[in-house]
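[1] my questions are about this predicted structure, shown below with the sequence.
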Amino acid sequence: MTKVDDSPWPSCQAQGGRRDFVRKTLDGILSFLQEAFVTREISSKKGLLQSLDPRIKLISVLALVFALTTVRDLRVILIFYMITIVIAHLSGISLSFFVKRVWLFIPIFTGVIALPMIFNVFLPGQPLYHLLYLGPSASLGPFALPESIYITREGVWSACVFTLRVAACVSAVVLLFLTTSQAVLFRSLRSVGVPKVYVLTLEMANRYVFLFLEIIRDLYTAKRSRTIISRGTWAEQRWVGGRIGYMLIKSLDLSERVHQAMISRGFNGDVKIIEEYRIGLPDYLAGALALASSALMILYD
Amino acid sequence: MQPILDLRDVSYSYLGRQNALLDITLQIGQGEQVTFMGANGSGKSTLLAILNALIYPTEGEFRAFGNLVRPEVFDSLKEDRFRSFFRRKVGFVFQNSDVQLFSSTVYDEVAFGPLQLDLPRDEVKARVEELIDMMDLGKLRDRAPHTLSGGEKKKVCIASVLAINPDVLLLDEPTAGLDPRTQLWLIELLQELGRSGKTVVTATHDLDIIEQIGQRSVVIGEDHRIVVDRRTDQVLNDLDLLLAANLIHRHMHRHGILLHQHVHSHGEEHKHRHEQDHDHGRPHDKAK
């Protein structure tokens, strides 16, 4: 253990390869930490939405999202989406960041649902573009298929409405999240009747997610620093399984200690939190405007 | 002096098998500054947890402010006057700051304790503001705990406990991982609290701070029993005792406020002499 290997260094070219799945997954999860940092920066800026009471913002966004789900007119949805972009700008959010943040998830989650809609197999309609001629009495197992498969005009329209509606709703929610600090946002859930104990639990869960992420990052960094040869996917999966078990034990131990720390400061099961907000005239005006817009959207449709 | 914390023949074992403390008899009076010294795993943290009524002796009894501390009182869902009194009187700063910082922001963390005391909201706010001011936490008030440095976390932990204004303060390894400036700030704070009449009980194996934060030292051995309970200066000058309790190594020892290290790469006898004065007032010979 005390001998030093002083043989000459091998002369070899460093070779790259595919990144292992653990690294990719962890990078994705850890980007959450960076995003939280960006969110904190934006929420502490001076801007239109940052100046509003969080409860008003929460109720307004909920009302608008609900109204938007009932709207079928593409123009109304488009106008709503444009308004969210203007508000984002007035709240000091970089437009490219805002648009990217919304549209990053749309193809993944909405695309999967909206894509089949455009084919006549799922939604009959006027042909827009012919894809395939199957001939009469075509079938797929027990399911009968149409003579030819094509993209329909109605399908494309419905998919566009659906996708844009999701984008508009996500934009409203993203605006809320970006312009309100997480602590204040959770606390404002009280205004829509969420019990105090859930608010406290949510706050604590959010706080400890960061701690666990840091532990996971350190575990992986320590492993990488001692990894001499790649051991393949199976070994990596085994390592991940082991770490999941370790984190479970760690979280149980931590929860017990956190409970002790709470008891030590007088906690006896009765949740007491400070809720201190002041609603001013601009808040009332913004709330009234959001609620009126929501009502109009529902009535218009 | 009437003891406020009184342990009689207390033992504690985890799962009834692994001993953490054995036959601890100890009394702490109002306004005393006591340090618990011991190597890793000697049971210091367990002893503090018992003194904070978070765990209970598996043998012996613990009395606080003249009352027996029992799980029936402290773990009960029923409101209990003594429990409320005890929680107001005794504050505990945990070793791991992350355990103690469970709120979303620094402000909420400091407000947590006063809120539990059922104080009027205005008084809670006034108290939190006062603490934030006193501990110089103004810039951190809306920050989330995970964004704080180790020293800042420790400051917030102490502020969150002081917000209850306890008369007895228990601290578990408070200087661990702190930079020298924050360490000095903490020592001065503990001295100030001591001067104002608070009872300060600190568990540590950091010999550099012991003399500054406590006049009385309780050394817990690696066998989980109290080795000595004496004046701090007497304990610190007893090198054989410190060696036996694994608080110093024969190649690493204190000279006043300086830690002196001897690094050996040989196994032979040697002697060295320090020319400067030491805390025990004479040049020092060390032989191996």
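    Received, thanks.

[2] near chain B, which residues of the stretch 151-300 of chain A are found?
    Proximity of the stretch 151-300 of chain A to chain B is confined to A:181-183, A:186, A:203-204, A:206-208, A:210-211, A:214, A:254, A:257-258, A:260-269, A:272-274, A:276 under the rule Cβ under 8 Å from any Cβ of the partner chain. To be clear about C-beta, it is placed using only N, CA and C from the backbone, and glycine gets the same treatment.

[3] low-confidence regions, chain B specifically.
    B:1, B:250-288 (pLDDT under 70).

[4] okay, now the domains of it?
    B:3-98+B:167-248, B:251-288 (automatic domain parsing).

[5] make CSV out of those and add distance to chain A.
    Formatted as CSV, those follow (distance: least, Cβ to the nearest Cβ, whole Å):
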stretch, distance to chain A
domain B:3-98+B:167-248, 4
domain B:251-288, 11
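
[6] how about TSV for these, with distance to residue A:241 and mean neighbour count added?
    TSV is the format used below for the domains of chain B (distance: least, Cβ to Cβ, whole Å; neighbours: other Cβ atoms under 10 Å in any protein chain shown):
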stretch	distance to residue A:241	mean neighbour count
domain B:3-98+B:167-248	25	18
domain B:251-288	42	11
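
[7] what's next to stretch B:10-20, contact-wise?
    The contact list for stretch B:10-20 (Cβ atoms under 8 Å, 6 or more residues apart in numbering or on different chains) reads B:21-26, B:43, B:46, B:50, B:55, B:57-62, B:224.

[8] any idea how far apart the tips of that stretch sit?
    Separation of the first and last residues of stretch B:10-20 by Cα to Cα, to the nearest Å is 11 Å.

[9] chain center to that stretch: distance?
    Remark: stretch B:10-20 is offset 21 Å from the chain centroid, using Cα atoms, centre = their mean, to the nearest Å.

[10] also stretch A:205-219?
    Taking Cα atoms, centre = their mean, one finds the center of stretch A:205-219 at 18 Å from the center of the full chain.

[11] how about that stretch as CSV, C-alpha atoms only?
    These are the backbone C-alpha positions of stretch A:205-219, laid out as CSV (Å, rounded to 0.1, in the frame of the first residue of the first chain):
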residue,chain,number,x,y,z
ALA,A,205,-40.4,18.0,0.9
ASN,A,206,-39.2,20.8,-1.4
ARG,A,207,-36.5,21.8,1.0
TYR,A,208,-35.1,18.2,1.4
VAL,A,209,-35.3,17.4,-2.3
PHE,A,210,-32.3,19.7,-2.6
LEU,A,211,-30.4,18.1,0.2
PHE,A,212,-30.9,14.6,-1.3
LEU,A,213,-29.9,15.8,-4.7
GLU,A,214,-26.7,17.1,-3.3
ILE,A,215,-26.1,13.8,-1.5
ILE,A,216,-26.7,11.9,-4.8
ARG,A,217,-24.4,14.2,-6.7
ASP,A,218,-21.7,13.7,-4.1
LEU,A,219,-22.2,9.9,-4.2
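
[12] for that stretch, buried residues please.
    Going by neighbour count (16 or more other Cβ atoms under 10 Å in any protein chain shown), the buried part of stretch A:205-219 is A:206, A:207, A:208, A:210, A:211, A:213, A:215, A:216, A:219.

[13] cool, stretch A:282-297 as well?
    Within stretch A:282-297, the residues that count as buried by 16+ other Cβ under 10 Å are A:283, A:286, A:287, A:290, A:291, A:293, A:294, A:297.

[14] of the residues you listed, closest to residue B:211?
    Relative to residue B:211, the closest of the buried residues of stretch A:282-297 is residue A:283; by Cβ to Cβ it sits at 57.0 Å.

[15] quick one on the thing from earlier: now for the buried residues of stretch A:205-219: which two are most distant?
    Spanning the widest gap among these are A:206 and A:219, at 21.0 Å by Cβ to Cβ.

[16] could you say which helix or strand holds residue B:128?
    Assigning secondary structure by DSSP states H and E places residue B:128 in helix B:121-134.

[17] sorry, wrong one. I was asking about residue A:218.
    Take DSSP H and E as the rule and residue A:218 turns out to sit in helix A:196-225.

[18] quick one: mean pLDDT over that helix.
    Mean pLDDT, helix A:196-225: 86.

[19] next secondary structure element downstream of it?
    As assigned by DSSP H and E, the chain's next helix or strand after helix A:196-225 is helix A:232-264.

[20] just give me how far that next one sits from the chain centre.
    24 Å.

[21] any idea how far the most centrally placed residue in chain A is from residue A:167?
    Nearest to the mean C-alpha position of chain A, by Cα atoms, centre = their mean, lies residue A:105 at 7.8 Å. For residue A:105, the distance to residue A:167 (Cβ to Cβ, to the nearest Å) stands at 9 Å.

[22] for residue B:20, same thing?
    58 Å.

[23] would you map the helices across the stretch 51-200 of chain B?
    B:71-74, B:81-89, B:97-100, B:106-116, B:121-134, B:150-162, B:180-195 (DSSP state H, counting those that start in this stretch).

[24] contacts for the last one next, please.
    Contacts with helix B:180-195, where a contact means Cβ under 8 Å, 6+ apart, come from B:31, B:33, B:151, B:154-155, B:158, B:169, B:171, B:174-175, B:178, B:200, B:202, B:209, B:212-213.

[25] and if you look at the second one?
    By Cβ under 8 Å, 6+ apart, the residues outside helix B:81-89 that reach it are A:263-266, A:268, B:53, B:64-65, B:67, B:69, B:73-74, B:76, B:116-117, B:164-168.

[26] just the C-alphas of that helix, formatted as CSV.
    Extracted as CSV, the C-alpha positions of helix B:81-89 are listed here (Å, rounded to 0.1, in the frame of the first residue of the first chain):
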residue,chain,number,x,y,z
ARG,B,81,-47.6,22.3,31.1
PHE,B,82,-44.2,20.9,32.1
ARG,B,83,-43.4,19.9,28.5
SER,B,84,-44.2,23.4,27.2
PHE,B,85,-42.2,24.9,30.0
PHE,B,86,-39.2,22.6,29.3
ARG,B,87,-39.3,23.4,25.5
ARG,B,88,-39.3,27.1,26.3
LYS,B,89,-36.4,26.7,28.7
